[in-house]
Structure formats: C-alpha cells, structure tokens
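Trainee: need a 3D model of the following:
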Amino acid sequence: MKISRLLVIGITSAALAFGGTAAVGFQKAELSRGVTGSNVQMVMNGDQDIYGLQFEIEYNPAELTLVDAEGNLEGFAFHYKEKEPGVIRGLIFSMQGEVLAASNNELSVISLNFEQDQAFQKSSIVKFNEIVIAGEHGQEMTVANSGSTFEVTFGDAYLPTVTSLGKNFPNPFNPSTTIPYEISENGFVSLVIYDLNGAEVTSLHSGNMSAGSYQAVWNGLNKYGQPVASGRYILKMTAPGFTDSQTLTLLK
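Mentor: All right, here's what the predicted structure looks like:
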C-alpha cells in the first residue's frame with residue numbers, strides 16, 4: 001500500500017562551469033499532506049545563462065514510487081523516461097534556443113511527484129548518476145557533484161527546529177569538502193567562502209530556501225572556476241535570525 005507524504009530532500013549542491021559557477025539540486029515544495037503526490041522541485045542557478053539540463057537520478061523503488069514528472073517552464077520541452085526501476089533520465093531545453101535559467105536567478109525547472117511505501121518510515125537516498133548542463137552555443141559545463149547522493153526524509157517531524165551550521169567533512173580536505181546545515185524557517189540563506197584577508201572567494205548559495213536539512217559542496221575553486229591555493233578559508237552562513245562561520249582547510 002502506498003501513502004502520499006511530504007518529502008524533504010537535502011542539499012542544493014554546488015556545480016562549477018567553464019568561466020563561472022552553477023548549481024542544481026532539490027528542494028521540497030510547500031504542500032499540505034492532503035495533496036495527492038509528494039512534490040519535489042529540481043532547482044538550478046548560475047552566474048552564466050543556462051540553456052539546457054540533462055539529468056539521471058536513482059532512487060530505491062522499494063521505498064519510493066515516482067508518480068509523474070513535469071517541467072515547470074512554459075515553452076520548454078521536457079522529456080523523461082524510466083530507464084529501469086528506480087532510475088529516471090530526463091532532459092529540458094528550448095527548441096528555439098531560449099535561455100532556460102538566466103544568470104544569477106534561481107529557478108525551479110522540474111517537479112517530481114513521489115509516493116512513499118507505507119511500511120517505510122526512515123530516510124531514503126536519491127543519487128545523481130549524471131548531470132549535464134549546457135551553456136550558450138551548447139557548450140557543456142563541468143559539474144562537480146555528478147554522482148553525489150542526497151538524503152530524503154518524510155514528514156514535518158523531520159524538519160529541524162533550529163537553524164545550524166554543521167562541521168564540514170573531511171577537514172582538512174582535497175579536492176572537495178561537504179558542509180551540512182539546517183534551516184528551521186523559510187527565508188534568504190547565503191553561504192560564502194572568504195580568504196583570511198576577508199576577500200570573497202566564491203558563493204556556494206545565495207537565495208531563498210525552504211526549511212529543511214541541506215548540504216553544500218565546495219571543491220576548492222574560486223568564483224572564476226580556478227583552483228585556490230592551499231590554506232585556511234572561512235565559510236560564513238547567514239539565514240533568518242542566524243549567522244555563523246567556520247574554518248575550512250585545503251591541503252594539496
């Protein structure tokens with residue numbers, strides 16, 4: 001027997017593109033429990049215009065069932081298919097070559113509707129097996145988090161009661177580190193990396209977020225997509241009623 005539940009999928013993950021940065025990840029939608037289907041939004045943004053997205057995600061079909069998936073943008077072609085049980089491959093683009101996501105604009109591009117098996121009450125895992133992001137003229141952007149896994153939890157009981165910034169792991173790191181954090185209320189959230197002189201190195205996230213548990217990934221590149229030198233860096237997180245920072249150590 002299947003029962004519809006509200007999904008919370010952690011992480012808006014950082015991804016790096018030629019000459020700039022981009023991000024693609026999941027966020028929960030604000031739905032009441034009476035709504036048929038558990039809606040999850042795939043969101044993306046970048047400091048360059050994005051023209052197309054191809055993705056492959058994997059989930060456990062013994063824990064989740066995909067009811068349907070649909071594109072959120074009028075005038076853009078969206079196609080998906082179940083490659084095999086628990087593996088979905090999708091593609092969204094414009095036949096006229098229009099911009100899918102303008103630079104510095106976080107956009108919800110795809111809605112995925114799941115049902116949860118009634119007997120399953122724990123966290124599940126969704127995995128990105130492949131992400132391909134196309135920039136202007138169809139050039140492929142390098143995606144740092146392809147192959148990353150994301151924890152999925154169910155129901156309001158799993159929403160954090162306080163906002164917090166967790167310790168990054170590993171630390172020291174090479175080439176990348178993961179930063180867990182929790183948001184207790186909806187609002188504007190930023191995660192910015194600075195050097196010890198206070199200069200901004202790169203931004204991992206800057207925009208509105210829903211309450212939930214997330215992770216960010218930094219792979220040691222600056223905002224221009226260039227590797228930074230070994231040393232200590234400061235991560236600063238701000239959220240509604242919250243500010244905190246921690247030191248990240250890169251060793252090459």
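Trainee: what pLDDT does residue 202 get?
Mentor: We have a pLDDT of 97 for residue 202.
Trainee: now the strand or helix carrying it: buried residues?
Mentor: Using DSSP states H and E, residue 202 sits in strand 200-209. Buried residues in strand 200-209, defined by neighbour count with 16 or more other C-beta atoms under 10 Å: 201, 202, 203, 204, 205, 209. (Each C-beta comes from the backbone N, C-alpha and C, glycine too.)
Trainee: next: stretch 166-183.
Mentor: Buried-residue list, stretch 166-183, by 16+ other C-beta under 10 Å: 168, 173, 176, 177, 178, 179, 180, 181, 182, 183.
Trainee: between all of the residues you listed, which two are separated the most?
Mentor: 173 and 183 (23.4 Å; C-beta to C-beta).
Trainee: which other residues reach stretch 59-76?
Mentor: Residues from elsewhere that reach stretch 59-76 (C-beta atoms under 8 Å, 6 or more residues apart in numbering): 2, 37, 41, 77-78, 80, 82, 85-86, 88, 90, 92-94, 98, 100, 107-117, 120, 124-127, 152.
Trainee: could you rerun that using 7 Å?
Mentor: Residues from elsewhere that reach stretch 59-76, judged by C-beta atoms under 7 Å, 6 or more residues apart in numbering: 2, 37, 78, 80, 85-86, 88, 90, 92-94, 100, 108-117, 120, 124-126.
Trainee: buried ones among these?
Mentor: Here, 16+ other C-beta under 10 Å leaves 37, 78, 80, 86, 88, 90, 92-93, 100, 109-117, 124, 126 buried among the contacts of stretch 59-76.
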